[in-house]
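Trainee: Provide a 3D model corresponding to the input given below.
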Amino acid sequence: KRISGLFNFDHQLNKRMVLSAGVNVSNVGQNTPYSLNYSANPTWAARALRPYQLAYNEDGTINTNSKGETNFPGVYNPLWIAKYDKKYMSETRVLGNVKLKYNIWDKLNYTSYFSADYNTLEETTFLNATMGDGAALGGRSKNYFVRYFNWLSRNQLDYRYDIKGIENTYVNASVGYEAQRSKEYLLAADGFGFPAAHESLTALSNAATPNGTYGQYSNYSFVTMYGLLDANFRNRFAINTSIRRDGSSRFASNNKYANFYSIGGTWNIHQESFFNQQNIFSFAKLRSSYGTTGNANLGNYDWMPQA
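Mentor: This next block holds a predicted model:
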């Protein structure tokens, strides 16, 4: 099942300031499917089960006999697995953002933006003690809890200058600073040995033998300072340039920052007078750009020595 809610609002604080914000809250709960690599998955079992295997006993109870060709010596009875194995996941997510735009003077604007993403994932798996992948261990239970929190902040100044006397000719300039941070927390526990006579005792605290626990956290952050400059001449020619300095916690302390730049140009051919002398094409544009880029798609701690 899924439950969600959304709220947005925009408010003109005064003639120079506009405030907008939004919140999105959702929860998804589902019975998660079993991996296709296991015979407890009904899709996998459907390929291996034979039509003469008896799903039920003569008294109407589910057949768990593992001996004999009409029973389940290899593949588990999917009816028993569906009834007594538990695989449930619950995900809750909250997305929020707020933006303030302030007109400082004429066409000089300041924009401040902040967003946050909070996400929790809880997953519980119980494999019954009678039949299935948990039977050899006398039943098994696994619990997972994962929490993510990510925020981003951006502050930017924008200015537009219209060149007088030349229609549709202007220059835009922007400078800004952006910061982002993400935090992840994981906790997992595993145990086996459950009383087969009490199918309702599926909580991990009922396990006779703890099989292990695992916990970790993983964080990363980015910071950016940037500048943008573009010019437009009568909607015919345009030039775009950018320069930025990025920093990432995923790199060693002596290599966290790098500079990047780009430049591009556009010629809107369809705005030229000679273009209207033909009837084959309705739109034509020539564009070219050059720049440098980087890659921070790395592990959060790969830069650290492993020994």
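
Trainee: would you confirm that Ala188 contacts Tyr214?
Mentor: Yes: using CB atoms under 8 Å, Ala188 is in contact with Tyr214, at 4.5 Å. The C-beta positions use only the backbone N, C-alpha and C, and glycine is treated the same way.

Trainee: which of those two has more neighbours?
Mentor: Neighbours per residue (other CB atoms under 10 Å) separate Ala188 from Tyr214, with Ala188 holding more: 15 against 10.

Trainee: which other helices and strands does the host helix or strand of the more buried one contact?
Mentor: In this structure, Ala188 sits in strand 169-192 according to DSSP states H and E. Applying 3 or more CB pairs under 8 Å, 6 or more residues apart in numbering; DSSP states H and E, we find strand 169-192 packed against strand 140-162, strand 209-233.

Trainee: buried sites along the helix or strand bottoming out on mean pLDDT in the chain?
Mentor: The weakest-scoring helix or strand in the chain, judged by mean pLDDT, DSSP states H and E, is helix 42-48 (a mean of 77). Using 16 or more other CB atoms under 10 Å as the test for burial, helix 42-48 gives 44-45.

Trainee: elements contacting it?
Mentor: When contacts are defined as 3+ CB pairs under 8 Å, 6+ apart, helix 42-48 packs onto helix 78-84.

Trainee: can we see that at 6 Å?
Mentor: If you count contacts as 3 or more CB pairs under 6 Å, 6 or more residues apart in numbering; DSSP states H and E, helix 42-48 packs onto no helix or strand.

Trainee: just the CA atoms of it, as CSV, please.
Mentor: Taking Å, rounded to 0.1, in the frame of the first residue of the first chain, the C-alpha atoms of helix 42-48 are listed here in CSV:
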residue,chain,number,x,y,z
PRO,A,42,6.9,-19.1,-6.6
THR,A,43,8.1,-18.0,-10.1
TRP,A,44,11.1,-20.3,-9.8
ALA,A,45,9.0,-23.1,-8.3
ALA,A,46,6.5,-23.0,-11.1
ARG,A,47,9.1,-24.1,-13.5
ALA,A,48,10.1,-27.1,-11.4
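
Trainee: quick one, which of the helices and strands packed on strand 169-192 is nearest to Glu199?
Mentor: Among the helices and strands packed on strand 169-192, strand 140-162 comes nearest to Glu199, with 12.7 Å by CB to CB.

Trainee: quick one: buried residues of the closest one?
Mentor: Those buried within strand 140-162 under the rule 16+ other CB under 10 Å are 140-144, 147-152, 154, 156, 158.

Trainee: can I get those in JSON lines with distance to Pro42 and pLDDT?
Mentor: Output for the buried residues of strand 140-162, formatted as JSON lines (distance: CB to CB, whole Å; pLDDT from 0 to 100):
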{"residue": "Arg140", "distance to Pro42": "19", "pLDDT": "93"}
{"residue": "Ser141", "distance to Pro42": "21", "pLDDT": "94"}
{"residue": "Lys142", "distance to Pro42": "20", "pLDDT": "94"}
{"residue": "Asn143", "distance to Pro42": "24", "pLDDT": "95"}
{"residue": "Tyr144", "distance to Pro42": "23", "pLDDT": "94"}
{"residue": "Arg147", "distance to Pro42": "32", "pLDDT": "97"}
{"residue": "Tyr148", "distance to Pro42": "31", "pLDDT": "96"}
{"residue": "Phe149", "distance to Pro42": "37", "pLDDT": "97"}
{"residue": "Asn150", "distance to Pro42": "36", "pLDDT": "97"}
{"residue": "Trp151", "distance to Pro42": "42", "pLDDT": "98"}
{"residue": "Leu152", "distance to Pro42": "42", "pLDDT": "98"}
{"residue": "Arg154", "distance to Pro42": "48", "pLDDT": "98"}
{"residue": "Gln156", "distance to Pro42": "53", "pLDDT": "98"}
{"residue": "Asp158", "distance to Pro42": "57", "pLDDT": "97"}
